[in-house]
Structure formats: C-alpha cells, structure tokens
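Student: A structural model of the following input is requested.
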Amino acid sequence: METADLAAFVAENLDRYDQTQGVLPDRLASFGDRYRSQGYLTREQLYEIAYESSTRSAHHVETNPESRCREVTRNVRAVEGDFSAVHLLTGLSGFQAPTASCVLAALDGDSHAVVDTRVWASLERLGYVDGRKESFDAADYVTMIEPIREIADETGHAPVDVGYALFAHDAHVREGTLH
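Tutor: Predicted coordinates:
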C-alpha cells in the first residue's frame, strides 16, 4: 500500500476506534503516567489494565503476590528487547501477550501497541503477516510490532495509534463473530 493510502487508512480507522469495544486510549495513557511516575505497577493497577483488556481473565491477576507485580513491572522498564519484555510480563498470572502489550503500550506508546486477534487479522489483510491466529505469545508480539512500527514510521503516527487503527479496521470489516 502506498504511504499516502496507508496514512489515510490509519487516519480513517483511528476515527472509527471510539465505536469499538477496544481498550480506552485515555485510560491506557493514565496507566502509563502512573507507571512512569512510580517506576512500577501494583497488583491493583495491573488488575485494572487486565480488566480493560480482557474481563474474562482479569481475576487471575489477583493471585499474584503484590511484591511480584512490583518486581516484574520494575524489571520490564529495565529489560531490552520486545520479546523479553512481553515474556517477563506473561510470567504474571492473568497476563498473556495481548494483555502484556497493554502494559507496554501504556508505558511507551511511541514504541509499543496493544495487539490482539483483531490487530493480527488487519495485518494479515494488509499482507504483513500470514494466516489467522487466535492466541499469542511473546514471539507473536514481535511479529506484529515490527510492521506496526513500519506503518508508524511511514505515516507519522505513533505505534499505539497504528494498533488502535488496525483494531478498528478489523471491527469494521469483519463479518460474523470474532472467534
């Protein structure tokens, strides 16, 4: 897709995002503000992020010891590499790669995006990834974030916004149910 077309695609779908049931960008930004100011996230804050991402699995976050939540989220800020950051977060109960991506996107939306089945499907439609996927691990996050960053670079949008646009695109064009 040409850069101008890609920029129009992102802009159009960002406008649609508020019509979806995706993570609320303002809520995510407020989590990021707290994360950066504290240097870690508490179990309660992680629960709130998980609830925004996946109400079904959020209750599992409460089984993590408070000290582990603070330790892991403090260490995520120090680790290099997308795979390592996602893998570290998925060591917490209630966190799979999509929920972990919420934490990373909150911390740094200029480098990260919220990813899930809808984002993968849009990337697949655009020719950036092959095949459909319904569950994701740290390697899949890396597979998705690379083209998201390419699109961000080409369009001047932050990766977090590209992720929202990809989510909204799938919500707009998908026929039938998500799963």
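Student: what is the burial count for Leu89?
Tutor: Neighbour count of Leu89, defined by other Cβ atoms under 10 Å: 26. Every C-beta, even on glycine, is put in place using the N, C-alpha and C of the backbone.
Student: swap in Thr55?
Tutor: When neighbours are defined as other Cβ under 10 Å, Thr55 has 9 of them.
Student: ok, Asp108 next?
Tutor: Asp108 - counted by other Cβ under 10 Å - has 16 other residues nearby.
Student: pLDDT score assigned to it?
Tutor: pLDDT, Asp108: 96.
Student: do His179 as well
Tutor: 46.
Student: got it, and Leu126?
Tutor: In this prediction, Leu126 carries a pLDDT score of 95.
Student: tell me if I'm right that it and Asn13 touch.
Tutor: No. Counting by Cβ atoms under 8 Å, Leu126 does not reach Asn13; the two are 11.2 Å apart.
Student: name the residue in these two with the higher neighbour count.
Tutor: A direct count of neighbours by other Cβ under 10 Å for Leu126 and Asn13 places Asn13 higher, at 23 against 15.
Student: residue contacts, the residue most central in space within the chain?
Tutor: Nearest to the geometric centre of the chain sits Val114, at 1.4 Å (Cα atoms, centre = their mean). Residues near Val114 by Cβ atoms under 8 Å, 6 or more residues apart in numbering: 22-23, 28, 53, 98, 101-102, 105, 160, 163-164, 167.
Student: can we see that at 7 Å?
Tutor: 23, 101-102, 105, 160, 163 (Cβ atoms under 7 Å, 6 or more residues apart in numbering).
Student: of all the residues you listed, which comes closest to Ser135?
Tutor: Using Cβ to Cβ, Ser101 comes nearest to Ser135 of the contacts of Val114, at 13.3 Å.
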